[in-house]
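Chemist: Structure of the sequence below:
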Amino acid sequence: MERNHAGEYNRRVELYEFSTGPSTTGERVRTDSLIKSLWVKRIEVSGSEEAEGKIVSLSVLKYEARYDRDLVLNGTKYFIRDLDGDYRINSVGIKTRAEIELKCSKRG
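Modeler: Numbers count the residues shown, from 1 in each chain. Predicted coordinates for the structure are as follows:
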C-alpha cells in the first residue's frame with residue numbers, strides 16, 4: 001500500500017467556504033470565510049470538455065491531504081485557495097484510513 005510521507009505534503013493552501021451577510025448598506029453579499037489552512041500534495045490532471053462544438057481546456061487537479069472528518073463530510077461546500085487561484089472541490093474520496101483525495105476544478 002502506497003503511503004504519503006509528511007514531506008510529500010509540501011504545499012500550503014487555504015480552505016474557504018462561501019457565506020452571505022449584510023453589507024454596510026443592508027444588501028446581502030457573498031463573502032469568503034476562511035475555514036483553515038492545510039498541507040497538501042498537489043497533483044496536476046489535464047482535462048477538456050466540448051462546449052458548443054469547441055474543445056475547452058479545463059484546469060482540473062487533485063489534492064491529497066491527511067484524513068479530516070470535516071472535509072470528508074462537508075468538502076464539496078468548500079473551495080481551496082492556492083497560489084494560482086481558487087479551486088472548487090467537486091468530490092472527496094478516502095484513499096486510506098489516514099489520507100483523503102480532493103478532486104477539484106478551477107473556479108471561473
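Chemist: Can you point out the buried residues in the longest strand along the chain?
Modeler: For the chain, the longest strand by residue count, based on DSSP state E, is strand 28-51. Of the residues in strand 28-51, those buried under the neighbour-count criterion (16 or more other Cβ atoms under 10 Å) are 35, 38, 40, 41, 42. Using the backbone N, CA and C atoms, a C-beta is placed for each residue, glycine as well.
Chemist: Distance from the chain centre to that strand, please.
Modeler: 3 Å (Cα atoms, centre = their mean, to the nearest Å).
Chemist: what does the average pLDDT come to for that strand?
Modeler: The average of the pLDDT scores along strand 28-51 is 83.
Chemist: Touching, residue 22 and residue 31? I think so.
Modeler: No: with contact defined as Cβ atoms under 8 Å, residue 22 does not count as touching residue 31 (10.5 Å).
Chemist: Find residues that contact each of these two.
Modeler: When Cβ atoms under 8 Å, 6 or more residues apart in numbering defines a contact, no residue borders residue 22 and residue 31 alike.
Chemist: Listing request: residues of the chain with sub-threshold pLDDT.
Modeler: Within the chain, the set of residues satisfying pLDDT under 70 comprises 1-6, 46-58, 108.
Chemist: Now do the helices in it.
Modeler: Along the chain, the stretches classed as helices by DSSP state H are 69-74.
Chemist: what sits against the spatially closest residue to residue 36 that is not a sequence neighbour?
Modeler: Leaving out its chain neighbours, the residue that sits closest to residue 36 by Cβ to Cβ, 6 or more residues apart in numbering is residue 15, at 5.4 Å. Residue 15 is in contact with 34, 35, 36, 37, 38, 71, 78, 79, 80, 81, counting by Cβ under 8 Å, 6+ apart.
Chemist: Using JSON lines, lay out those together with distance to residue 7.
Modeler: Converted to JSON lines, the contacts of residue 15 look like this (distance: Cβ to Cβ, whole Å):
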{"residue": "34", "distance to residue 7": "26"}
{"residue": "35", "distance to residue 7": "25"}
{"residue": "36", "distance to residue 7": "21"}
{"residue": "37", "distance to residue 7": "18"}
{"residue": "38", "distance to residue 7": "15"}
{"residue": "71", "distance to residue 7": "21"}
{"residue": "78", "distance to residue 7": "25"}
{"residue": "79", "distance to residue 7": "26"}
{"residue": "80", "distance to residue 7": "20"}
{"residue": "81", "distance to residue 7": "23"}
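Chemist: Much appreciated, bye for now.
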